[in-house]
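# The sequence and its predicted three-dimensional model are supplied below.
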Amino acid sequence: MNSKDIQYKQIIEENQSRIRSVSRYYAGTSDDSEDLYQEILINVWRGLEKFRGDAQLSTWVYRIAVNTALSFVNKKNKYLNFNTYLDDGKAANLVGDDREDSIVHEKQLELMSNLINQLSVVDKIIMSLVLEELNTKEIAEIVGITETNVRVKIHRIKEELREKVKGGQYDI
């Protein structure tokens with residue numbers, strides 16, 4: 001095994017769950033998710049020699065994953081109108097952790113997923129990275145905007161989501 005193979009294997013081991021999460025967010029089916037996951041792995045391999053170390057390795061991997069996901073979605077839908085797919089663990093911090101009433105929790109999760117899917121493409125990307133618990137600096141590097149802009153966008157998005165829920169536009 002050469003040094004590139006060893007480095008690649010280590011990168012994938014350290015970032016596998018992140019890559020899988022991005023794949024699930026942007027793919028509608030488990031087959032699409034697996035296809036997207038494989039595309040991301042290929043793009044990480046192809047880009048490995050170009051990694052200069054300007055960003056953290058995990059941020060670089062996220063950037064490849066998000067860009068690959070957007071290309072993947074674009075191939076599937078020429079207008080780039082995609083849906084994110086939340087799982088229980090990642091969305092709990094947005095809907096609350098009310099596990100005693102699973103029906104309410106399921107409705108909250110469905111509601112949050114629907115609301116996030118109504119956001120713009122950039123806002124969806126930002127919220128998916130927030131759900132992955134990335135810090136604002138990492139999100140800024142991945143999305144390509146300033147850290148201040150990321151903080152403002154996150155605040156505005158959360159306020160918009162809260163207002164829609166509080167305003168009674170959506171029933172939980």
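Cool, the structure landed.

# contacts, neighbours, all on C-alpha from now
OK.

# After whichever strand or helix holds Ile19, which helix or strand is next? Please name it.
Using DSSP states H and E, Ile19 falls within helix 3-26. Next along the chain after helix 3-26, taking DSSP H and E as the criterion, comes helix 30-47.

# May I have that next one exported as CSV, CA atoms only?
Provided in CSV are the C-alpha atoms of helix 30-47 (Å, rounded to 0.1, in the frame of the first residue of the first chain):
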residue,chain,number,x,y,z
SER,A,30,-31.2,4.6,0.1
ASP,A,31,-29.9,3.6,-3.3
ASP,A,32,-29.3,7.3,-4.2
SER,A,33,-27.7,7.8,-0.9
GLU,A,34,-25.3,4.9,-1.5
ASP,A,35,-24.6,6.2,-5.1
LEU,A,36,-23.9,9.7,-3.7
TYR,A,37,-21.6,8.2,-1.0
GLN,A,38,-19.6,6.4,-3.6
GLU,A,39,-19.3,9.6,-5.7
ILE,A,40,-18.0,11.5,-2.7
LEU,A,41,-15.4,8.8,-2.0
ILE,A,42,-14.2,9.0,-5.6
ASN,A,43,-14.0,12.8,-5.5
VAL,A,44,-12.0,12.6,-2.2
TRP,A,45,-9.6,10.2,-3.8
ARG,A,46,-9.3,12.4,-6.9
GLY,A,47,-8.7,15.5,-4.9
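
# angle of the following helix or strand past that helix against helix 3-26?
The first helix or strand that comes after helix 30-47 along the chain, using DSSP H and E, is helix 57-76. Between the axes of helix 57-76 and helix 3-26, defined by axes from the mean of the first three to the mean of the last three C-alpha atoms, to 10 degrees, the angle is 50 degrees.

# low pLDDT regions in this protein?
76-105, 167-172 (pLDDT under 70).

# center of it, which residue is that?
Ser128 (3.3 Å; C-alpha atoms, centre = their mean).

# follow-up on the earlier one: buried residues in the helix holding Ile19, which are they?
For helix 3-26, burial by neighbour count (16 or more other C-alpha atoms under 10 Å) applies to Ile11, Ile12, Arg18, Ile19, Arg20, Ser21, Val22, Ser23, Arg24, Tyr25, Tyr26.
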